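Asker: Below is the sequence, then the predicted model.
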Amino acid sequence: MRHQMKIIRSVLGGLAAMALLGGTSSVLAHERLAPVASASAAEHRIAADQADSLYREARTALNRGDYDRAAGLFRDIRRRYPDSQYVPNSYYWEAFALYRTASEENMQRALELLERQGSDYPNASTREDARQLSVRVAGALARGGDAAAAERVVGLAAPAAAPAPAAAPAPAVGIGRQQDEEDDLAIAALNALMQMDAERAMPILEKVLARRDAGSVELRRKAVFIVAQQDTDESAQILLDAARNDPDAEVRANAVFWLSQVEGEEAVIALDSILQFSTDRRVQEKAIFALSQHESERSDQALRSYVQRDDVPEDLQHKAIFWIGQTDSEENMEFLRQLFGQLQSDELRERVIFALAQSESEENSRWLMDVALDPNQSIEMRKKALFWAGQMDDVSVPDLDRLYDSMTDQELRGQILFVLSQRDEPEAIDKLMEIARSDPNPEFRRKALFWLGQSDDPRIAEFLLEIINQETQ
């Protein structure tokens, strides 16, 4: 189970990275590139353009990963058809193809092409994508030791930390869009800077998250993700400060969520503190999940203590119980078995039964059977415990057989019959056939016949014929 938690954490990082790139305007044009066969409406409108077939050929090469050929074809569009409507965007696509070759010389050429597009075609539809691509290219060059490229990345990242003017008026629509584009560019620069020099980037990110102006909300939301991906001593403290003090609810919740990715006891202490003292339900829910992803006794203890509090909303107790049950810790299992008797809510007690059933062990199987046989429990609770016990290998079909024969409560006998119908062992089929032949309860005989009819056991056809012959005699 601990291995599964590691997988969850790994997948979360990947999914979040995809969400960060896919959910904002910072997605580069190539990342949303449709197959050539699905040309956009705009492309259909200019299908008569002489460069159309060449452009499509270039796009096909790009989609196939033939970057050298794609770059050459996009270049040919400008050489052969200088008046084509494809020319403005050809600079971007050629630059992208060159960037993907990972050649330093080609990346330098890519930067030149992107600058040329900016000067000659500032209104090109790929212009914003081009600005972000130029940051990525510069970051790649900087990681290879290009000092000028490194200086460029730092220069683009630094303005993100600058505080907004006090009492600034609400931006107009056009200005707001421009601000979003600048934020996306700053995030791209911060990503590039982080990859080449985390020590230099972290202070800038800290300043970004220290901003409180409304205009930097989107920037702060993205900065939280970048901080969370870094394994530095400052990560937990920066995220904790954002979780406690940022005025934006989404920034606070995301900061708590990403504390699940920060290794170390400091992150667990921070999450425990948030869970104990936060009054924000969304933040508390994220804290429960984040604690569940840390593999430490302290994180387990924090969740156990939280569940036992009298002032915890029931829906949050549900979540905490679920995550406690997702570990193989015997201490957690014993805690849940003890907690069951302390809870007053039937829904919470059912959640405990489910949580224990997810961790197969002899102790959990025995405990579930004890609940099923406890006359002090409600019939519904006993039925649920019986069902989940029947799904566990430690409860054998002969055990269920004996329990069926000794059970006097008809509702529970019916539940045992259902549990038997869910087992694959031949002994379960034997018992169902016995019930179908001779059980004094005609309803149970009918149910046994129904479930036998769902089985692929080769004996069933002959048995059903036997029953039919008995009924017709």
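Answerer: Done, it's in. This one's a predicted model, so the numbers in the text were calculated from it and none came from an experiment. Residues are numbered from 1 along each chain as shown.

Asker: where does Ser378 fall, phi/psi-wise?
Answerer: According to degrees, to the nearest 10, the main-chain angles of Ser378 amount to phi -70, psi 160.

Asker: Asp346 is in contact with that one, correct?
Answerer: Yes: if you go by C-beta atoms under 8 Å, Ser378 and Asp346 touch, sitting 7.2 Å apart. C-beta: built from backbone N, CA, C; applies to glycine.

Asker: Would you mind listing the residues in contact with Glu266?
Answerer: Residues in contact with Glu266 (C-beta atoms under 8 Å, 6 or more residues apart in numbering) are Ala236, Gln237.

Asker: mind redoing it with 7 Å?
Answerer: Applying C-beta atoms under 7 Å, 6 or more residues apart in numbering to Glu266 gives the contacts Ala236.

Asker: Tell me the confidence at it?
Answerer: pLDDT recorded at Glu266 is 81.

Asker: Quick check: it vs Ala223, distance?
Answerer: Applying C-beta to C-beta, to the nearest Å, the value for Glu266 to Ala223 is 20 Å.

Asker: same deal with Ser278?
Answerer: 21 Å.

Asker: Who has more neighbours out of these two?
Answerer: Neighbours were counted for Ser278 and for Ala223 using other C-beta atoms under 10 Å; Ala223 has more, 29 against 17.

Asker: Distance check, the closest residue to the more buried one other than its chain neighbours against Ser90.
Answerer: Using C-beta to C-beta, 6 or more residues apart in numbering and skipping the chain neighbours, the partner closest in space to Ala223 is Val208 (4.5 Å). From Val208 over to Ser90 the distance is 35 Å, taken as C-beta to C-beta.

Asker: what does Lys222 give?
Answerer: Applying C-beta to C-beta to Lys222 and Ser90 gives a distance of 30 Å.

Asker: More neighbours: which of those two?
Answerer: For the pair Lys222 and Ser90, the greater number of neighbours falls to Ser90 (27 against 24), based on other C-beta under 10 Å.

Asker: for the more buried one, what are its contacts?
Answerer: By C-beta under 7 Å, 6+ apart, Ser90 lies in contact with Phe74, Ile77, Arg78.

Asker: Assign the last one to helix, strand or coil.
Answerer: In terms of secondary structure, Arg78 is helix; the call rests on DSSP: H, G, I helix; E, B strand; the rest coil.

Asker: Give me the pLDDT for the nearest residue to Ser345 once chain neighbours are set aside.
Answerer: Counting by C-beta to C-beta, 6+ apart, Ser345 lies nearest to Glu314, which is 6.1 Å off, once chain neighbours are set aside. Per-residue pLDDT puts Glu314 at 92.

Asker: How about Glu57?
Answerer: At Glu57, pLDDT is 94.

Asker: which helices and strands does the helix or strand encompassing it pack with?
Answerer: If you go by DSSP states H and E, Glu57 is part of helix 52-63. Under the contact definition 3 or more C-beta pairs under 7 Å, 6 or more residues apart in numbering; DSSP states H and E, helix 52-63 sits against helix 67-80, helix 87-100.

Asker: Of the ones you listed, flag the one that's most buried.
Answerer: Most buried of those, by mean neighbour count (mean count of other C-beta atoms under 10 Å): helix 87-100, with a mean of 25.

Asker: Tell me where the stretch 101-250 of the chain has helices.
Answerer: Taking DSSP state H, counting those that start in this stretch as the test, the helices found in the stretch 101-250 of the chain are 104-120, 127-143, 147-157, 173-196, 198-210, 217-228, 235-245, 249-258.

Asker: Now tabulate the helices and strands packed on helix 52-63 in a markdown table and tack on mean pLDDT and distance to Trp323.
Answerer: Output for the helices and strands packed on helix 52-63, formatted as a markdown table (pLDDT from 0 to 100; distance: least, C-beta to C-beta, whole Å):
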| stretch | mean pLDDT | distance to Trp323 |
| --- | --- | --- |
| helix 67-80 | 94 | 45 |
| helix 87-100 | 94 | 41 |
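
Asker: Ok, which of those helices comes nearest Asp184?
Answerer: Evaluated over the helices and strands packed on helix 52-63, closeness to Asp184 peaks at helix 87-100, with 15.6 Å, by C-beta to C-beta.

Asker: quick one, that closest one and helix 67-80 angle?
Answerer: Helix 87-100 runs at 160 degrees relative to helix 67-80, counting by axes from the mean of the first three to the mean of the last three C-alpha atoms, to 10 degrees.

Asker: report the angle between the axes of helix 87-100 and helix 104-120?
Answerer: Using the same axes, to 10 degrees: helix 87-100 against helix 104-120 is 160 degrees.

Asker: Now do helix 87-100: distance to the chain's middle.
Answerer: Taking C-alpha atoms, centre = their mean, to the nearest Å, the mean C-alpha location of helix 87-100 is offset from the chain mean by 33 Å.

Asker: Now do that helix against helix 127-143, angle only.
Answerer: On the basis of the same axes, to 10 degrees, helix 87-100 is oriented at 30 degrees to helix 127-143.

Asker: Can I get helix 87-100 as CSV, trimmed to CA atoms?
Answerer: Presented in CSV, the C-alpha positions along helix 87-100 are these (Å, rounded to 0.1, in the frame of the first residue of the first chain):
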residue,chain,number,x,y,z
VAL,A,87,4.2,33.6,-43.6
PRO,A,88,3.6,35.3,-40.2
ASN,A,89,3.1,32.0,-38.4
SER,A,90,5.8,30.2,-40.4
TYR,A,91,8.5,31.9,-38.3
TYR,A,92,7.0,30.4,-35.1
TRP,A,93,6.6,26.9,-36.5
GLU,A,94,10.1,26.8,-38.0
ALA,A,95,11.5,28.0,-34.6
PHE,A,96,9.6,25.3,-32.8
ALA,A,97,10.8,22.6,-35.1
LEU,A,98,14.4,23.9,-34.7
TYR,A,99,14.0,24.0,-30.9
ARG,A,100,12.9,20.3,-30.9
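
Asker: helices or strands up against the helix or strand harbouring Asp315?
Answerer: Assigned by DSSP H and E, Asp315 belongs to helix 314-324. In terms of contacts (3+ C-beta pairs under 7 Å, 6+ apart), helix 314-324 is packed against helix 281-292, helix 297-307, helix 346-357.

Asker: Dump those into JSON lines; add mean pLDDT as well.
Answerer: Formatted as JSON lines, the helices and strands packed on helix 314-324 follow (pLDDT from 0 to 100):
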{"stretch": "helix 281-292", "mean pLDDT": "90"}
{"stretch": "helix 297-307", "mean pLDDT": "93"}
{"stretch": "helix 346-357", "mean pLDDT": "93"}
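
Asker: Point out the most buried one among those.
Answerer: With a mean of 22, the top stretch among the helices and strands packed on helix 314-324 by mean neighbour count (mean count of other C-beta under 10 Å) is helix 281-292.

Asker: Contacts for that one, please.
Answerer: 243, 249, 252-253, 256-257, 259-260, 268, 271, 274-275, 278, 299, 302-303, 316, 319-320, 323, 326.

Asker: Give me the buried subset of those residues.
Answerer: 243, 252-253, 256-257, 259-260, 268, 271, 274-275, 278, 299, 302-303, 316, 319-320, 323, 326 (16 or more other C-beta atoms under 10 Å).

Asker: Report the contact partners of Arg152.
Answerer: Each residue near Arg152 by C-beta under 7 Å, 6+ apart is listed here: Ala138.

Asker: and it, how far is that from Gly139?
Answerer: Taken as C-beta to C-beta, the span from Arg152 to Gly139 is 9 Å.
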